[in-house]
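# with the input below, show me the fold.
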Amino acid sequence: LQTIESLRDHTARHGAPPKSLDDLALPSPVDPVTGKLFEYEVTDEAITLLGPAPEGEDQSSGLYYVVRFAPLDTETRQSEPDKTVAAGPEISGPWKGIGPLVHDEVFTILRLDVEAFLSDDAWRQVSQFVNKSIGEGVLGEIAPMRAVVQEHVKMGIKEVYLMTSASDIFDMPIIVVPLDEDDSFERLSGMLLGLCNGRGIHRMGGALVIASDWQRRSLLKPRSADPGRFARLFDSSTPPLRLAIVPSKDLRLLADLLPDLVAPLEGFDGKALAKLAEGLCCMTLDVTVLPEVSIRLTVELADGDTAAGALSFIDSSMVLFLKSLSECVGITTPPAVDAPKATCSDKTVVLHLDERKLTELLRGCVMPALQKARLQALAAISLSEMRATIISITCYMADHEGQWPASLQAVAVDEQMLKQTAAFDRYVYLRPNVTCEELKNPSQQILVYDPVDEFGEGIAVGFVDGHVERITDEASLQELLSASLEQATRVGGPASD
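Got it, this is the predicted structure:
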């Protein structure tokens with residue numbers, strides 16, 4: 001797939017596929033079976049890529065791709081990206097600005113009603129939910145973001161769409177902002193430059209569009225599909241955030257790859273998943289804030305049998321998800337929180353998580369996993385700071401004829417460095433009573449350690465020989481401290497450990 005994406009990029013830039021894979025600007029990985037580039041052939045009609053099966057296996061298990069690129073008309077191929085492009089009639093209502101841009105290959109659209117999310121009532125509800133399920137500290141961190149986004153709303157960004165199609169599945173999604181006023185394009189384009197990431201800002205019909213040159217060209221192609229396949233999912237009752245997936249013809253071809261993609265994942269049946277993908281009519285994921293915070297997944301299938309398979313898949317996925325979170329935290333017993341269950345009616349499967357269930361999941365499974373990840377990150381930072389402290393002591397001794405510093409603060413060469421090394425005030429420094437050469441067993445002689453109120457996951461310790469480590473056994477630490485204090489004097493740190 002990476003090779004195909006590189007071929008697509010080359011064809012978009014040069015108007016024709018390369019003569020060989022060596023001509024690609026983007027990476028083209030080697031075939032892990034042969035250790036060489038994939039076998040490549042280009043004709044007037046298509047590109048073929050061949051990856052032979054491993055020796056001794058049936059050749060039908062090898063990879064064979066046929067890629068056909070839709071030819072660009074001469075005018076489009078020679079045109080350069082510009083700031084204002086008109087395409088399609090402007091329409092009104094919730095679908096304003098986005099409807100004319102939906103073409104055959106589009107399979108995913110995400111809509112965010114920014115104004116609804118940031119209303120006073122919605123923010124009050126979100127605040128209560130966050131305080132109950134995550135904690136007040138998080139709310140303080142996200143509150144400033146609300147103020148920033150509110151300024152964007154005042155400037156006219158009331159709703160935002162993200163759109164993905166089969167031809168640019170590996171690119172950043174196309175960003176579409178419906179325009180309310182004729183002069184809002186110039187005003188908003190300057191505000192959104194930070195989202196471009198090398199792409200252009202274009203005016204297309206009644207919307208501001210952030211897209212690459214390749215994506216812009218795809219939006220200008222003639223349409224044969226009815227954009228109503230998405231329009232019915234984005235009516236006036238659409239919740240503040242909705243992710244809608246309606247498979248396109250090209251996307252369904254990817255269903256053949258699902259067994260290989262999910263093979264490494266324990267508990268997933270790739271063939272069953274491929275069958276579900278083939279029978280998928282549409283899927284929506286909704287996030288609602290009022291009257292309460294909730295998440296609702298709705299999946300429409302082609303028939304009742306496929307719907308029953310989807311129900312089983314969703315329920316088993318939730319069980320695996322909670323199990324994985326528990327294992328991440330280090331809990332080997334079954335999760336304390338029951339996995340939510342989906343319901344099935346005819347051809348539709350629904351998984352609804354109300355505020356009570358979301359709070360239960362966050363407090364019981366998600367937050368412990370996030371807390372453990374946070375502690376691991378802090379542990380890595382602590383070891384990095386400890387290593388920097390040992391280096392600072394070594395540099396000090398090199399400048400002072402091998403003398404140990406009287407305190408950690410003494411190694412700071414200026415006031416600015418002292419401000420940047422707040423750890424110096426927290427660390428306990430065991431200043432050796434003899435020279436480095438006279439110390440017994442330097443690799444076991446503690447020089448600096450980071451005291452904590454509770455031992456928990458262990459503490460960071462730095463040794464005279466320069467290595468640092470996290471000691472997780474409290475008895476081992478006490479034994480090392482006792483031996484180290486026979487040759488050193490404690491300096492700094494809290495009054496007691």
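# need the helix or strand of this protein with the lowest average pLDDT.
helix 74-78 (a mean of 32; mean pLDDT, DSSP states H and E).
# so after it, what's the next helix or strand?
strand 106-113 (DSSP states H and E).
# next one: the helix or strand following that next one to chain centre, how far?
Next helix or strand after strand 106-113 toward the C-terminus (DSSP H and E): helix 114-117. Put simply, helix 114-117 sits 23 Å off its chain's centre (C-alpha atoms, centre = their mean, to the nearest Å).
# show me the contact partners of helix 114-117.
122, 149, 152, 153, 157, 158, 159, 160, 240, 241, 289 (C-beta atoms under 8 Å, 6 or more residues apart in numbering). In short, each C-beta sits where N, CA and C put it, glycine included.
# if we go to 6 Å?
With contacts defined as C-beta atoms under 6 Å, 6 or more residues apart in numbering, helix 114-117 is touched by 153, 158, 240.
# check the nearest residue to residue 430 once chain neighbours are set aside and give its pLDDT.
In space, and not counting its chain neighbours, residue 430 is closest to residue 488: 4.0 Å by C-beta to C-beta, 6 or more residues apart in numbering. Looking at residue 488, its pLDDT is 90.
# next, residue 488: phi, psi?
Phi and psi for residue 488, reported as degrees, to the nearest 10, are phi -150, psi 170.
# count the neighbours of it for me.
21 (other C-beta atoms under 10 Å).
# mind listing the helices for the stretch 251-400 of the chain?
For the stretch 251-400 of the chain, the helices defined by DSSP state H, counting those that start in this stretch cover 258-261, 270-278, 304-329, 355-361, 367-399.
# dump the ones you listed to CSV, plus mean neighbour count, distance to residue 115 and mean pLDDT.
Below are those laid out as CSV (neighbours: other C-beta atoms under 10 Å; distance: least, C-beta to C-beta, whole Å; pLDDT from 0 to 100):
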stretch, mean neighbour count, distance to residue 115, mean pLDDT
helix 258-261, 15, 38, 58
helix 270-278, 17, 35, 73
helix 304-329, 17, 32, 80
helix 355-361, 17, 22, 85
helix 367-399, 15, 29, 79
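# dump those to a markdown table, plus distance to residue 31.
Output for the helices of the stretch 251-400 of the chain, formatted as a markdown table (distance: least, C-beta to C-beta, whole Å):
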| stretch | distance to residue 31 |
| --- | --- |
| helix 258-261 | 14 |
| helix 270-278 | 21 |
| helix 304-329 | 32 |
| helix 355-361 | 43 |
| helix 367-399 | 36 |
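# and the contacts of helix 114-117, which are buried?
158, 240 (16 or more other C-beta atoms under 10 Å).
# quick one: which of the contacts of helix 114-117 is nearest to residue 409?
residue 153 (48.8 Å; C-beta to C-beta).
# what about that closest one, helix or strand, and which?
According to DSSP H and E, residue 153 maps onto helix 136-154.
# show me the contact partners of that helix.
By C-beta under 6 Å, 6+ apart, the surrounding residues in contact with helix 136-154 are 114, 115, 118, 127, 130.
# most widely separated two among those residues?
115 and 130 (20.0 Å).
# ok, the two, which is more surrounded?
Taking neighbours as other C-beta under 10 Å, residue 115 and residue 130 compare with residue 130 leading, 19 against 16.
# if I look at the more buried one, what pLDDT would I see?
At residue 130, the predicted lDDT confidence score is 82.
# now do residue 179
Note for residue 179: predicted pLDDT of 81.
# quick one: contacts for it?
185, 206, 207, 208 are the contacts of residue 179 under C-beta under 6 Å, 6+ apart.
# residue boundaries of the strands in the stretch 101-250 of the chain?
106-113, 159-165, 174-178, 200-204, 207-211, 241-245 (DSSP state E, counting those that start in this stretch).
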